[in-house]
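Asker: here is my input, please return the structure:
(one chain, ligands or ions: 1)
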Amino acid sequence: MAEGSGSGHGELLVDKHVEFIKALDKKQDELEYWMTEHLRISGIYWGMVALGLLGRDDALEREAVVSYVLGCQNADGGFGGHTGHDSHLLYTMSAVQILVMCDALDKVDAEKVIAYVVGLQNRETGVVSGDEWGEEDTRFAFISVATLSFFGAQARLDIPGVVDYVMQSMNYDGGFGSGPGGESHAAQVYTCLACLAIAGRLDLVNRDRLSAWLAERQLPSGGLNGRPQKLEDVCYSWWALSSLHILGRPHWIHLPRLTAFILSAQDPSGGIADRPGNIADVYHTCFGIAGLSLAGFDRYPLAEIDPVYCMPRAVVERAGLRGWAAHVPAAWGIERDAAPRQ
Ligand code: GRG
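Answerer: Predicted coordinates:
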């Protein structure tokens, strides 16, 4: 058990977390509800991933969720973070992931979504922008490839161009930044590895150097930080540990100590915070539970998460996508289990 515990014990507060997520939509008299309106669709995605891993994917009203998400699609084919908001790749991916989790991807006009995503790639440079205003970031390389893969349409992108941009963002320490010359950061590492995984180019990674850099993210508390000299944060239990999973090296950190750190950041009344004693939110609740799933938390039967798509592995397979281990180079010698842990 980590010091400075928020919850005071080492159990996963399953029912409390389910209630915390279900209650998020009922807090309309709170400022935070309106301050987060612009990313509501990602909030629903985080909540649904957490509920799916907790084995409670029936906790939200599916039809209401699907109808809300479809209402966030704009005439350009992309999705905004909320009804009436401009389209952005971030929210387009969340929308598609929610529809996949709800078994409702057929309810959307696939060609319009595909055209929106493809239209954000600069065909001369290979770089994918996040929206019509042209923000560039390695997150969008991953999102474009991953979103299109749900439609079996990733080949509509210039994939070598995407891969080239990602590789220009690789640093001497083996990590990746938000673009060429950007400091290595565990969250950007995840997006780049997940992108290269789906593109079938993980062979380009400096596996040993990057695994060592990621292993150094663990601090004495057991928690992980996102880059050197920074504080630990529960969300890196996903960004850094999923990256180590993709590299086939989750055991390069001390998983029981990470598990204890995540559990200690639980709020006794539900939800998980960035670190013990802080206020819980749905983002850290999602990535805390996702981290527990990756770390093999065995005191509660959490469903297995796919380290590339950040969705329950059973959902990824139901959607006809190849599980993460199918993407890794044969030379790494990684074998996968026969069936997902439910
Ligand atoms: C399917 C899981 C999934 C994601 C879709 C949106 C996206 C792709 C990835 C986001 C990756 C990213 C860059 C996340 C930000 C993580 C984060 C907490 C950044 C904060 O950075 P700083 O500098 O914090 O504020 P540190 O911890 O470095 O001090």
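Asker: those helices in the stretch 1-150 of the chain, which residues are they?
Answerer: For the stretch 1-150 of the chain, the helices defined by DSSP state H, counting those that start in this stretch cover 14-23, 31-35, 40-53, 62-70, 89-101, 110-118, 138-149.
Asker: out of those helices, which is closest to E216?
Answerer: Shortest distance between E216 and these, using Cβ to Cβ, is found for helix 138-149: 20.7 Å. C-beta here means a position set from N, CA and C on the backbone, and glycine is covered the same way.
Asker: so is that closest one next to the ligand?
Answerer: Yes. Using Cβ under 6 Å from any ligand atom, helix 138-149 reaches the ligand at R139, F142, I143.
Asker: put the alpha carbons of the lowest-mean-pLDDT helix or strand in the chain into CSV.
Answerer: Least confident helix or strand, the chain: helix 31-35 with a mean of 74, by mean pLDDT, DSSP states H and E. Listed next in CSV are the C-alpha coordinates belonging to helix 31-35 (Å, rounded to 0.1, in the frame of the first residue of the first chain):
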residue,chain,number,x,y,z
LEU,A,31,-19.7,24.6,-12.6
GLU,A,32,-17.4,21.7,-13.6
TYR,A,33,-20.2,20.2,-15.7
TRP,A,34,-20.4,23.3,-17.9
MET,A,35,-16.6,23.9,-17.9
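Asker: dump the residue contacts of Q97.
Answerer: Contacts for Q97 (Cβ atoms under 8 Å, 6 or more residues apart in numbering) come out as Y45, F150, Y309, C310, M311.
Asker: which SS state does the third one fall under?
Answerer: For Y309, the assignment made with DSSP: H, G, I helix; E, B strand; the rest coil gives coil.
Asker: what's the closest non-adjacent residue to it?
Answerer: Spatial nearest neighbour of Y309, chain neighbours left out: V316 (5.1 Å); criterion: Cβ to Cβ, 6 or more residues apart in numbering.
Asker: host element of that neighbour?
Answerer: Per DSSP states H and E, V316 falls inside helix 313-318.
Asker: what's that helix packed up against?
Answerer: Helix 313-318 is packed against no helix or strand, with contacts defined by 3 or more Cβ pairs under 8 Å, 6 or more residues apart in numbering; DSSP states H and E.
Asker: which parts of that helix are buried?
Answerer: R313, A314, V315, V316 (16 or more other Cβ atoms under 10 Å).
Asker: now stretch 250-264
Answerer: For stretch 250-264, burial by neighbour count (16+ other Cβ under 10 Å) applies to P250, W252, I253, L255, R257, L258, T259, A260, F261, I262, L263, S264.
Asker: just put the residues you listed in CSV and tack on distance to the ligand.
Answerer: Shown next, in CSV, are the buried residues of stretch 250-264 (distance: Cβ to the nearest ligand atom, whole Å):
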residue, distance to the ligand
P250, 17
W252, 20
I253, 17
L255, 20
R257, 19
L258, 16
T259, 20
A260, 20
F261, 15
I262, 15
L263, 20
S264, 18
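Asker: in CSV: those, plus pLDDT and secondary structure.
Answerer: Below are the buried residues of stretch 250-264 laid out as CSV (pLDDT from 0 to 100; DSSP: H, G, I helix; E, B strand; the rest coil):
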residue, pLDDT, secondary structure
P250, 95, helix
W252, 97, helix
I253, 98, coil
L255, 97, helix
R257, 96, helix
L258, 97, helix
T259, 96, helix
A260, 96, helix
F261, 98, helix
I262, 98, helix
L263, 97, helix
S264, 97, helix
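Asker: got those residues as CSV, with distance to G323 columns?
Answerer: Formatted as CSV, the buried residues of stretch 250-264 follow (distance: Cβ to Cβ, whole Å):
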residue, distance to G323
P250, 15
W252, 21
I253, 22
L255, 21
R257, 27
L258, 23
T259, 23
A260, 28
F261, 27
I262, 24
L263, 27
S264, 31
